[in-house]
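Peer 1: Quick one: sequence plus predicted model below, questions after.
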Amino acid sequence: MSSIRRVLVGYGSESGNARALALRLGTFPALTAHAPQVLPFNDIDVAGLGAGDVLLAVSSSFGDGEPPANAERFADALRQHPALRGLRYAVFGLGDTGYPRFCGFTKALDALLGEKEAQPLLQRVDADAGYEGFFAKWAPVLGEVLNGVPDAGRDLHLQVSAYNADDAFVAPIIERRRLSLSDPAAWEVQLDLRGSGMHWRAGDTLHVVPQNDPALLQALADWYGDPAAVELLRHRELRQLGKGLLRDLARMSGSEMLKDLLKSSQRTALEAYLHGADLLDVLSDHATPDSVPLAALLERLSPCLPRAYSIASSGGDSVSLCIREVRYLRNGRERVGTATSGLVHGGVTAKVYCRSNPGFHLASDSAAPLLMVGTGTGIAPLMGLVEELVSAGTPREVHLVFGEKHRAQDFLYQPQLQAWQERGWITRLHTAFSRDGSEKYYVQHALAEQAGSVVDLIERGAHLYLCGNKRHLDGALQQTINQLGAAAFGQADTWGLLREQGRLHCELY
């Protein structure tokens with residue numbers, strides 16, 4: 001590699017994440033010999049760039065792919081500059097896959113630098129909210145390249161594919177495994193993500209774009225007396241019914257009963273009515289095909305909403321989910337889950353995309369103990385977090401509490417959890433099976449029985465990971481943690497303190 005005259009770390013940043021990464025890069029040990037200058041893009045003189053210069057571009061994108069404010073003048077000057085022969089560069093982009101033009105500015109910057117005949121040192125990075133993992137891989141390789149190993153990054157591909165509900169990846173379902181003996185059953189479902197370009201880690205979520213139940217579509221077509229309704233409604237949301245839609249249905253149908261349910265004072269009654277209900281229930285109870293014509297209904301229905309599941313594994317070419325089968329009778333009709341039906345029974349593929357969930361990633365402080373609490377299929381992301389520790393070969397102090405109904409029927413992942421405990425990956429494993437004794441016994445009771453241990457963990461900086469049903473967990477665990485904190489060290493709102501300190505990680509549904 002030819003000699004380096006100077007290294008410039010340019011950044012474009014709106015929220016501060018790109019700026020923070022640029023500053024870290026500026027102090028990276030492998031770069032210190034080059035005395036890098038860290039500057040916002042707008043402070044870089046484009047006309048002064050040339051042979052011997054290295055530009056390390058770290059930037060987010062603003063809005064739908066535009067440059068951040070502190071990069072706008074730089075981008076304009078770069079477009080107007082004739083050529084930058086001899087300039088070498090690397091681009092690290094931060095973006096949000098929820099936007100149509102994911103990493104739009106840094107992709108355009110990479111292309112523009114190429115047009116100006118600058119030479120890339122590494123392939124462009126397109127990172128989402130999980131950018132820390134990419135940065136940890138990219139920075140050392142960049143250091144090798146700058147220090148005389150030009151081929152070090154030849155095989156480094158760090159680009160998140162921006163899938164979404166309208167452009168999801170079709171993943172083959174490669175394995176299904178029933179985890180519980182009781183009904184409704186819990187299942188582990190494994191999907192093949194090879195070739196997707198997705199990057200994810202334990203704690204992230206997999207979104208499934210579901211297909212509506214054919215029986216429900218046919219029943220709606222029968223109610224309307226119109227066979228065309230099957231195709232017209234196939235990709236519309238038929239289960240998660242928002243208040244806006246319900247208000248429209250109440251107005252169109254003239255149903256006083258539905259109007260009454262929508263009053264703020266009837267919130268509990270409305271929730272009870274909608275629990276397990278679908279669009280056909282509401283139409284049958286409160287409307288007629290004449291009062292709510294199919295064409296008018298179609299104008300008001302949203303596209304079928306993706307269902308989000310916590311990932312129950314830590315990486316590789318496949319992803320595992322832990323899901324509860326949905327199947328029940330209501331008003332004489334059998335109901336099945338919009339997404340779970342295909343995942344558990346019959347489907348050979350699923351349309352999916354990943355979303356990073358940094359708030360549920362492993363705490364970066366390797367010395368901090370981990371207190372994990374999961375109930376039912378809420379064990380899913382906790383399995384992924386422990387698996388990540390095992391895969392990395394980095395043991396930590398892990399205390400895991402699992403809650404379900406019956407040990408003999410519902411101890412999800414029992415062999416794996418016990419094997420991890422035997423091998424030291426789980427320090428302590430506690431269980432709470434609520435229906436095995438004469439009195440109900442939940443995870444909050446297990447924590448209260450281990451009060452001394454829990455208080456010690458909190459005092460030593462433990463991070464609390466909580467996943468499960470919000471209705472069952474949130475208030476009960478918050479009360480238990482606050483009671484333990486108040487008794488041990490006079491902190492009445494220990495829960496709030498953990499949240500303020502970034503030590504409380506919740507995935508509640």
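Peer 2: Happy to help now that I have it. Note that the structure is predicted; figures quoted are calculated from it, not measured.
Peer 1: Spatially nearest residue to Met383, not counting backbone neighbours?
Peer 2: Spatial nearest neighbour of Met383, chain neighbours left out: Ala312 (4.7 Å); criterion: C-beta to C-beta, 6 or more residues apart in numbering. Backbone N, C-alpha and C define where each C-beta goes, glycine included.
Peer 1: got it, and Gly347?
Peer 2: Closest to Gly347 by C-beta to C-beta, 6+ apart is Ile173, at 6.1 Å.
Peer 1: any idea how far the one you found is from Ser320?
Peer 2: Distance, Ile173 to Ser320, by C-beta to C-beta, to the nearest Å: 11 Å.
Peer 1: joint contacts of these two?
Peer 2: Val189, Gln190, Leu191 (C-beta atoms under 8 Å, 6 or more residues apart in numbering).
Peer 1: Among those residues, which one is most surrounded by other residues?
Peer 2: Val189 (24 neighbours; other C-beta atoms under 10 Å).
Peer 1: before we move on, which element is Cys354 in?
Peer 2: Here Cys354 is covered by strand 349-355, with elements defined by DSSP states H and E.
Peer 1: and that strand, how far from the chain's centre?
Peer 2: With C-alpha atoms, centre = their mean, to the nearest Å as the basis, strand 349-355 stands 12 Å off its chain's centre.
Peer 1: What residues of the host helix or strand of Leu297 count as buried?
Peer 2: Element membership for Leu297 (DSSP H and E) is helix 294-300. Buried residues in helix 294-300, defined by neighbour count with 16 or more other C-beta atoms under 10 Å: Leu294, Leu297.
Peer 1: tell me what the helix or strand following that helix is packed against?
Peer 2: Remark: after helix 294-300, the chain's next helix or strand is strand 307-310, criterion DSSP H and E. Here strand 307-310 touches strand 205-209, strand 318-324, helix 380-392, going by 3 or more C-beta pairs under 8 Å, 6 or more residues apart in numbering; DSSP states H and E.
Peer 1: Need these in TSV (columns: mean pLDDT, mean neighbour count and distance to His406).
Peer 2: Listed next are the helices and strands packed on strand 307-310 as TSV, based on pLDDT from 0 to 100; neighbours: other C-beta atoms under 10 Å; distance: least, C-beta to C-beta, whole Å:
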stretch	mean pLDDT	mean neighbour count	distance to His406
strand 205-209	97	23	28
strand 318-324	97	22	15
helix 380-392	97	22	19
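Peer 1: hmm, back to that, can you tell me what sits against the strand holding Cys354?
Peer 2: Contacts to strand 349-355, defined as C-beta under 8 Å, 6+ apart, come from residues 97-98, 128-129, 163-165, 168-173, 191, 193, 198-200, 204-209, 306, 308, 311, 319, 339, 342-343.
Peer 1: Tell me who's in contact with Ala339.
Peer 2: Residues in contact with Ala339 (C-beta under 8 Å, 6+ apart) are Val208, Pro210, Arg307, Ala350.
Peer 1: Oh, that last question was meant for Pro227, not what I typed.
Peer 2: When contacts are counted by C-beta under 8 Å, 6+ apart, Pro227 touches Ala221.
Peer 1: how near is it to Leu385?
Peer 2: Counting by C-beta to C-beta, the gap from Pro227 to Leu385 is 49 Å.
Peer 1: go on, Phe102?
Peer 2: The spacing between Phe102 and Leu385, counted by C-beta to C-beta, is 26 Å.
Peer 1: Same check on Gly403?
Peer 2: Distance, Gly403 to Leu385, by C-beta to C-beta: 17 Å.
Peer 1: do the same with Ala202
Peer 2: Computed as C-beta to C-beta, the Ala202 to Leu385 distance reads 5 Å.
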